[in-house]
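Trainee: Fold the stuff below for me.
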Amino acid sequence: MRILGIDYGKRKMGFAVGDTETKLAEPLKVLRYRDINLLSEQIEKIVSELNIEKIVLGISEGKMAEETMRFGRKLEEKTGIPIIYQDETLTTHEAQELSIKAGIKRKKRRALEDAYSATLVLQRFLDKNLLY
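Mentor: This is a model prediction of the structure:
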């Protein structure tokens, strides 16, 4: 089963794709947006093109969690794909550290930071839920 991981942000979102067969997640892309409806259309296109069957949405604590849950409910309603919420605590920091260790240049790191965070969120989900 193909799964889409999303790192939700107010101006940009990171995306990763994973598979339950390989149990691996990989960065996909970062989308900047101003209009949430246009973003939803882009996500629907990703879901269709990649045959996504489930979406894992990173969620933090506090005010941002409420906004993320609202977005998740709308996305589930629009796509018909089940949304699963996964703790994203420290994923941005961890993604930065991992990309520095990997020798990725600062400009590319910044451009893909949210996709790396989405990858970590999705990989945590795969690791936690696919123990067999």
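Trainee: use CA for all of it now, contacts and neighbours both
Mentor: OK.
Trainee: Pretty sure residue 30 sits against residue 115.
Mentor: Yes. Here residue 30 lies in contact with residue 115, judged by C-alpha atoms under 8 Å, at a distance of 5.6 Å.
Trainee: Any buried residues in the helix or strand harbouring residue 4, and which?
Mentor: For residue 4, the element it lies in under DSSP states H and E is strand 2-7. The neighbour-count check on strand 2-7 (16 or more other C-alpha atoms under 10 Å) flags 2, 3, 4, 5, 6, 7 as buried.
Trainee: pLDDT and distance to residue 72 added to those residues, as JSON lines?
Mentor: Output for the buried residues of strand 2-7, formatted as JSON lines (pLDDT from 0 to 100; distance: C-alpha to C-alpha, whole Å):
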{"residue": "2", "pLDDT": "96", "distance to residue 72": "18"}
{"residue": "3", "pLDDT": "97", "distance to residue 72": "15"}
{"residue": "4", "pLDDT": "98", "distance to residue 72": "13"}
{"residue": "5", "pLDDT": "97", "distance to residue 72": "12"}
{"residue": "6", "pLDDT": "96", "distance to residue 72": "10"}
{"residue": "7", "pLDDT": "93", "distance to residue 72": "11"}
